[in-house]
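Asks: Kindly return the folded structure for what I paste below:
(2 chains)
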Amino acid sequence: MDNKEQVFTQLVREHKSTIYSVCYMFSKDTDEIDDLFQEILIRLWKGYDSFRAESDVRTWIYRVAMNCCLNADKKKRRLTSERVPLSVDIDPFEDTDDRALQTKRLYARINQLGLVDRAIILLWLEGLSYEEIGAIMGISVKNVSFQLHRIKEELKKSHL
Amino acid sequence: MNKEDFDLNQELEQMRQDYAHLKERFDKQQIINEQLIQNAMQKDVHRLFLSKKSLPFGVALAVVAVVLCFVMGYPWWMPVSIIIYSLIFFPIVFWVYKGVREEEIYNGDILSTTETLLKFKKRNIALVAGICIFFFAFVIAATINMTTMNISTELMWRRGIIIAFLCIGTLALEYLSIRRLLKSCDDIIQRLQIKDDMSSTL
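Replies: Okay, here's the model as predicted:
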């Protein structure tokens, strides 16, 4: 492995749980998570050279991950890709312990939202600033505030 | 703060806590393995870019076909058709891929990436439609030309109908296979853009 590959490997290891969480929120089962995760890694690697020194690494990873999840043709990929299983010994869709129930509750809340809203609320849950969310989504800070207010209202309505 | 706002804030706080637990849970997992990394580094992402990458082969094939037509003494309209096809469609393939860089397609923000993808997909449909129309016209012209030979009108019709079905079928398949993606792109753009217009007037 050369230096570039080592740096890249370290980078994805550091952000593995972020990428996995995003995949989980946009998937219906673990196979789909595996597919999306793999696709995101490929996209990150292919875009690694053009990313350098352009923006914050975390913002870039979110951009690639969100783009993959929002724009992916899941049906097509499922039929054509050679899936590499991830090294995960939990199944967030099937586990039933207390922690898993917390996870499922969050999944259910987020999954009632549309794709774009799901992406925005996930970035908010990650603790990103409005500026960062705007840069990832390609919208103004004012729009981020507007969207978040609307999504929160939607969550409130659905809870009543 | 009224009760409703208080409940919502509590709910959002609960979501934040749940999300922190979720990440903590995933953090404990290995997730990444050697095979996954190797696969990501070696795999080509050229599903979208198949036509562009096969363009040099297409040009080479067209040249060989034209030369063969002359060598084999085929009717003049065959090499001419191949040349016309090449002159029309090879530049269109370049136009389809204009501004779409494989390495950067998912690196941009969501809105601009979705707009690029949508534009690319629509141009691709236009390209397939153009090729189908050209192919259909070519077959009609060839059939008319062959009337000088001993081919019955019924056989001509049959061939024409088969070719028409093939052309329409190819176009329909191309559209059906990506219509979900087209619709999804439209939705994303609409949601992000319209709200941007609204928020700027607030």
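
Asks: Give me the residue ranges of chain B where confidence is low.
Replies: When residues are selected by pLDDT under 70, those of chain B lie in B:1-6, B:44-52, B:103, B:146-151, B:159, B:194-202.

Asks: hey, where'd the helices end up in it?
Replies: For chain B, the helices defined by DSSP state H occupy B:3-27, B:34-42, B:50-53, B:55-72, B:77-97, B:110-146, B:153-201.

Asks: Show the contacting residues for A:Val12.
Replies: Residues counted as contacts of A:Val12 (CB atoms under 8 Å, 6 or more residues apart in numbering or on different chains) are A:19, A:41, A:44, B:32, B:37. Where C-beta positions appear, they are placed from N, C-alpha and C, glycine not excepted.

Asks: Please report the distance of it from A:Leu155.
Replies: According to CB to CB, to the nearest Å, A:Val12 and A:Leu155 sit 31 Å apart.

Asks: swap in B:Phe136?
Replies: With CB to CB as the criterion, B:Phe136 and A:Leu155 are 53 Å apart.

Asks: higher neighbour count, these two?
Replies: Using other CB atoms under 10 Å in any protein chain shown, the more surrounded residue of B:Phe136 and A:Leu155 is A:Leu155, with 19 against 16.

Asks: Am I right that that one is in a helix?
Replies: Yes - A:Leu155: assigned to a helix according to DSSP: H, G, I helix; E, B strand; the rest coil.

Asks: give the contact list for A:Asn111.
Replies: Neighbouring residues of A:Asn111 by CB under 8 Å, 6+ apart: A:25, A:118.

Asks: distance of it from A:Ile33?
Replies: According to CB to CB, A:Asn111 stands 14 Å off from A:Ile33.

Asks: For the helix or strand harbouring A:Ile33, name the packing helices and strands.
Replies: Secondary structure from DSSP states H and E places A:Ile33 in helix A:30-51. Applying 3 or more CB pairs under 8 Å, 6 or more residues apart in numbering or on different chains; DSSP states H and E, one finds that helix A:30-51 contacts helix A:3-14, helix A:16-25, helix A:57-71, helix A:74-80, helix B:34-42.

Asks: For those, could you give me JSON lines that also reports distance to B:Met15?
Replies: Formatted as JSON lines, the helices and strands packed on helix A:30-51 follow (distance: least, CB to CB, whole Å):
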{"stretch": "helix A:3-14", "distance to B:Met15": "24"}
{"stretch": "helix A:16-25", "distance to B:Met15": "12"}
{"stretch": "helix A:57-71", "distance to B:Met15": "18"}
{"stretch": "helix A:74-80", "distance to B:Met15": "25"}
{"stretch": "helix B:34-42", "distance to B:Met15": "30"}
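
Asks: Can you give me the domain assignment for the chain?
Replies: Just so you know, I chose chain A. A:1-93, A:112-160 (automatic domain parsing).

Asks: if you could check chain B rather than the one you did, that'd help
Replies: Using automatic domain parsing, the domains assigned to chain B come out as B:1-36, B:44-196.

Asks: which one of the ones you listed lies closest to A:Met137?
Replies: For those, the distance to A:Met137 is smallest for domain B:44-196, at 4.9 Å, taking CB to CB.

Asks: Any residue of the closest one touching chain A?
Replies: Yes - shown here: domain B:44-196 in contact with chain A (CB under 8 Å from any CB of the partner chain) through B:45, B:47, B:101-114, B:117, B:177-178, B:180-181, B:184-185, B:187-188, B:191-192, B:195-196.
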